[in-house]
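1. Please work out how this folds:
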Amino acid sequence: MEFLSGQKGQPSSQEQQPSLRRRVAIIGAGYCGLCALRHFLSDPKYEATAFELSHQVGGVWNYPERCEERTNEQMTSPFYTRMYRNMRTNLPKDLMALEGFSFLGGESSYIDASTVLQYLQSYADHFKLHPHIKFDHRVNVVTPILSEHVPASAVGPRWLVEYEDFKRNLTVTEIFDVVFVCNG
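-> Presented below is the predicted three-dimensional model:
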């Protein structure tokens with residue numbers, strides 16, 4: 001296990017000199033996660049990172065081709081999905097649009113999953129969110145840091161976030177001030 005917060009027993013420079021920016025972990029890069037990431041990044045008081053299990057944004061709106069041929073897949077499989085092929089929204093697209101970013105005209109009011117996925121991909125591109133998303137990462141454990149480790153200036157607890165980086169085959173633990181769980 002790798003700790004990005006310094007060597008065991010030695011606080012990192014981040015812990016020695018607390019940043020004025022609060023670190024935010026966002027679990028999931030679907031609808032809610034992308035919206036949260038955009039708004040935290042627009043505020044200079046925050047440094048935000050999203051963790052996404054798959055290799056692209058969209059969360060539950062991702063429908064891997066040929067997934068119906070493969071049943072009982074693990075969540076880490078590229079064929080895993082909670083979606084079904086002909087899924088349509090149960091809300092009009094005008095209600096689903098995120099602030100400052102409308103759906104393109106021409107589609108019917110109740111749109112299919114691929115249109116929603118394209119919208120979320122365009123949203124992430126438009127607001128330049130990709131550099132702040134750790135793709136192929138799974139958050140395993142989020143643990144509050146008890147009061148003796150929390151600086152007096154903190155508003156609430158800080159959090160240890162343990163995650164797996166599948167590309168590097170590594171488990172990492174980092175400290176965050178805020179955690180949003182946006183996993184659908």
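2. C-alpha from now on. contacts and neighbour counts both.
-> Noted.
3. Helix or strand next in line after the worst-scoring helix or strand of the chain on mean pLDDT, which one?
-> When each helix and strand of the chain is scored by mean pLDDT, DSSP states H and E, helix 13-16 comes last, with a mean of 42. For helix 13-16, the succeeding helix or strand toward the C-terminus, using DSSP states H and E, is strand 22-27.
4. Please save the CA atoms from that following strand in CSV.
-> Taking C-alpha atoms only, strand 22-27 is exported to CSV below (Å, rounded to 0.1, in the frame of the first residue of the first chain):
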residue,chain,number,x,y,z
ARG,A,22,-9.6,22.2,0.7
ARG,A,23,-9.1,18.8,-1.0
VAL,A,24,-12.2,17.2,-2.3
ALA,A,25,-12.7,13.5,-3.4
ILE,A,26,-15.6,12.8,-5.6
ILE,A,27,-16.5,9.1,-6.0
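5. That strand packs against which elements?
-> Judged by 3 or more CA pairs under 8 Å, 6 or more residues apart in numbering; DSSP states H and E, strand 22-27 is in contact with helix 31-41, strand 46-52, strand 170-176, strand 178-181.
6. how far away is Phe40 from Gln118?
-> 22 Å (CA to CA, to the nearest Å).
7. swap in Asp112?
-> In terms of CA to CA, Asp112 sits 10 Å off from Gln118.
8. Please enumerate the strands of this protein.
-> Taking DSSP state E, the strands of the chain run over residues 2-3, 22-27, 46-52, 133-135, 137-145, 158-165, 170-176, 178-181.
9. any chance of those strands in TSV, plus mean neighbour count?
-> Formatted as TSV, the strands of the chain follow (neighbours: other CA atoms under 10 Å):
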stretch	mean neighbour count
strand 2-3	14
strand 22-27	22
strand 46-52	23
strand 133-135	22
strand 137-145	17
strand 158-165	20
strand 170-176	18
strand 178-181	16
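10. For the top helix by length along the chain, which residues meet the burial criterion?
-> Longest helix in the chain by number of residues (criterion: DSSP state H): helix 113-126. By neighbour count with 16 or more other CA atoms under 10 Å, helix 113-126 contains the buried residues 113-121, 123-124.
11. what would those residues look like in JSON lines with distance to Leu160 and pLDDT?
-> Formatted as JSON lines, the buried residues of helix 113-126 follow (distance: CA to CA, whole Å; pLDDT from 0 to 100):
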{"residue": "Ala113", "distance to Leu160": "34", "pLDDT": "82"}
{"residue": "Ser114", "distance to Leu160": "35", "pLDDT": "84"}
{"residue": "Thr115", "distance to Leu160": "36", "pLDDT": "88"}
{"residue": "Val116", "distance to Leu160": "33", "pLDDT": "87"}
{"residue": "Leu117", "distance to Leu160": "31", "pLDDT": "89"}
{"residue": "Gln118", "distance to Leu160": "33", "pLDDT": "91"}
{"residue": "Tyr119", "distance to Leu160": "32", "pLDDT": "92"}
{"residue": "Leu120", "distance to Leu160": "29", "pLDDT": "94"}
{"residue": "Gln121", "distance to Leu160": "29", "pLDDT": "95"}
{"residue": "Tyr123", "distance to Leu160": "29", "pLDDT": "96"}
{"residue": "Ala124", "distance to Leu160": "27", "pLDDT": "97"}
